[in-house]
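Visitor: Using only what follows, build the 3D model:
(chains A, B and C)
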Amino acid sequence: MSETKNITELKNVLEAALLTSHEPLSLEDMTRLFADRMERTTLRMLLDELKQDWAQRTMELVQVATGFRFQARVEYATFLARLNPEKQAKYSRAVMETLAIIAYRQPVTRGDIEEIRGVAVNPNVMRQLLERDWIDVVGQREVPGRPSLYATTKHFLDDLNLRSLAELPPMEDFTQQEPPLNI
Amino acid sequence: MSETKNITELKNVLEAALLTSHEPLSLEDMTRLFADRMERTTLRMLLDELKQDWAQRTMELVQVATGFRFQARVEYATFLARLNPEKQAKYSRAVMETLAIIAYRQPVTRGDIEEIRGVAVNPNVMRQLLERDWIDVVGQREVPGRPSLYATTKHFLDDLNLRSLAELPPMEDFTQQEPPLNI
Amino acid sequence: MQTLVTIDARIHGEAFTELPHDLYIPPDALEVYLEAFEGPLDLLLYLIRKHNLNILDIPMADLTRQYMQYVEKMHAIKLELAGDYLLMSAVLIEIKSRMLLPKPAEIESEDDPRAELVRRLMEYEAIKLAAQRLDEMPKVGEDISVASAYYQHMSETKSPEVSLDDLAEAWRNVLKRASNFQHHKVGKAELSVREHMSIILRRLKVDNLLEFSQLFDMVQDGIPKLVVCFLAILELAREGLLRMTQQAPFSPIYIQINNHE
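Guide: Modelled structure (predicted):
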């Protein structure tokens, strides 16, 4: 007694199994789906047809090391990535300090930043802040080399929920020497 | 600038997301898929169409407590069961009765459960339900000892294919009509 | 004749000569049977249902007698007797004794000593049936298979969050290390001056040449803002970032980026 009568039904069972499995299914796994004996060649033929059926659709049937699986076509990757945004990294200390200097001392050149921090500014640090659209070049200082003058943008204020730079924590708070800890 | 041009493409993005997500997707999750603003009504319309598209196919688009998901149609259950012969162990009667009391009488304390069942509640019973994420503590009853109040979770509804507690089989079905006491 | 008593069965090609263990029925079946009850209410329900009695019309004498028999059997086979069973015995005996007492005529049915027991039995039975229904419902992981096709995880890296505290902390660190800080002392007011310096530089990037008065919006801006803007221009001039020109006294003052030609 055969429980499945035709090729379409056999393919449907395979499709349901492949779409719901967390792991790739081996040929051996798939033969277990059917109560009746299933030849490997028949199974391969069915998988080929299934692959064809999905050729123009959202998923593709692929074979990987441990078996077969459906996977979303690569063009959907950017959409799907939005569902689970990667945990955001933190900015390095260099980035944060550079940003603080630009925010409080703008407009400043890279040289100014280096002078205040006492170390060379890694170009990568500036790139991160420029790409975030938190700083931009507002002019050049008219000294040899005409270095760019950096300032913070409106976008930076928006992201930090500020109306103007005047709302930044006032710096006098920090200029006072903190009293030494009395232990 | 719109990144997706037509309804078919929008539906494809939704299909790819729903077929690859292990958890139901809420409407909010799905709006995040698109860079452009997506109205709830548009989204619901697309989901309706997608459901129709799959009406004759292996998977069905269903709505449960936390959102939408694709699941294999019930006629494939016997086939798919063969893939995982080591069935999840059935819960004991004590576990199921405790679950029923929490589901139908929530929020309840352990004392309430003991009162209805007429026996002490084994801590192991509660642990099994908590570990399955089918119940959780929603508060304390303001009586001496402040006992924990238990309720069922959204995950419980999802696992039972329900959108809300109102979809549980009605309790009246189980209670015999109360005839006048015949003394 | 010997061959006739030999069991002629083969399982996986091997001769099958012994009874499998799972066919073994424990001789102490009663113990298993009693352990199957979920408690005294469950046992009472069983006794009522077994005799097909109306739960609302419990013959207390029979029920109590049968219940006590079960409890005695449990005791006899040293099944650990739960206090719940003994408590229920007490309840049953109390009900029975109260029913034996002569009833004053005016007593209403609510005072039936069985009413509370009936209520509890009905509630328990409803929960028991509900539990069975829940058990039978299809569940994810048992009968329901949820789509979980694969996709290539591409991480859309979200930009790090920065709070005002983070920024202040960074600035504090800068100040701690900058030994030559003293002459950089800048107050809150000067911060808005610095902001205006950036704003003016941005405008000059677009317009190249601006008339001095164009930098001031006499209608929109309040006095403090006008002052801040003026200070910003002075500061920019002091730092050599812009050049101010005036052809003649009282003629318009023009401002442009300093080009050091």
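Visitor: Apart from its chain neighbours, what residue comes closest to residue A:37?
Guide: Closest residue in space to residue A:37, ignoring its immediate chain neighbours: residue A:31 at 8.0 Å, by Cβ to Cβ, 6 or more residues apart in numbering or on different chains. In short, each C-beta sits where N, CA and C put it, glycine included.
Visitor: measure the one you found to residue A:61 for me?
Guide: Distance from residue A:31 to residue A:61, counting by Cβ to Cβ, to the nearest Å: 17 Å.
Visitor: what's the closest non-adjacent residue to residue C:237?
Guide: Per Cβ to Cβ, 6+ apart, closest to residue C:237 is residue C:244, 6.1 Å.
Visitor: Please, which helix or strand holds the one you found?
Guide: Following DSSP states H and E, one finds residue C:244 within strand C:242-246.
Visitor: Stretch C:248-261: which residues count as buried?
Guide: C:255, C:257-258 (16 or more other Cβ atoms under 10 Å in any protein chain shown).
Visitor: Any chance you could list what contacts it?
Guide: A:139-140, A:142, C:200-201, C:204-205, C:208-213, C:215, C:233, C:240-246 (Cβ atoms under 8 Å, 6 or more residues apart in numbering or on different chains).
Visitor: Enumerate the residues of chain A near chain B.
Guide: With Cβ under 8 Å from any Cβ of the partner chain as the criterion, chain A comes near chain B at residues A:12-13, A:15-17, A:19-22, A:25, A:29, A:32-35, A:57-59, A:70-73, A:76, A:79-80, A:82-83.
Visitor: Which members of these are classed as buried?
Guide: Buried members of the residues of chain A next to chain B, counted by 16+ other Cβ under 10 Å: A:12-13, A:15-17, A:19-21, A:25, A:29, A:32-34, A:58-59, A:70-72, A:76, A:79-80, A:82-83.
Visitor: ok, and of the residues you listed, which contact chain C?
Guide: Among these, chain C is touched by A:16, A:19-21, A:59, A:70-72, A:76, A:80, A:82 when using Cβ under 8 Å from any Cβ.
Visitor: Would you map the helices across the chain?
Guide: In the absence of a named chain, chain A is used. A:7-20, A:27-32, A:40-53, A:77-81, A:93-105, A:110-117, A:123-131, A:154-159, A:172-175 (DSSP state H).
Visitor: you looked at the wrong chain, it should be chain C
Guide: C:2-5, C:29-35, C:40-50, C:60-76, C:83-100, C:115-136, C:164-177, C:188-207, C:223-238.
Visitor: would a markdown table of these with mean pLDDT be doable?
Guide: Below are the helices of chain C laid out as a markdown table (pLDDT from 0 to 100):
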| stretch | mean pLDDT |
| --- | --- |
| helix C:2-5 | 32 |
| helix C:29-35 | 55 |
| helix C:40-50 | 83 |
| helix C:60-76 | 79 |
| helix C:83-100 | 80 |
| helix C:115-136 | 89 |
| helix C:164-177 | 82 |
| helix C:188-207 | 81 |
| helix C:223-238 | 85 |
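Visitor: want to try CSV for these, with mean neighbour count as columns?
Guide: CSV is the format used below for these (neighbours: other Cβ atoms under 10 Å in any protein chain shown):
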stretch, mean neighbour count
helix C:2-5, 6
helix C:29-35, 12
helix C:40-50, 19
helix C:60-76, 15
helix C:83-100, 15
helix C:115-136, 18
helix C:164-177, 17
helix C:188-207, 19
helix C:223-238, 16
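Visitor: So which of those helices is nearest residue A:153?
Guide: helix C:188-207 (8.9 Å; Cβ to Cβ).
Visitor: Next, the angle helix C:223-238 makes with the closest one.
Guide: 70 degrees (axes from the mean of the first three to the mean of the last three Cα atoms, to 10 degrees).
Visitor: what about helix C:188-207 and chain A, touching?
Guide: Yes - Helix C:188-207 reaches chain A (Cβ under 8 Å from any Cβ) through C:188-189, C:191-192, C:194-195, C:197-198, C:201-202, C:204-205.
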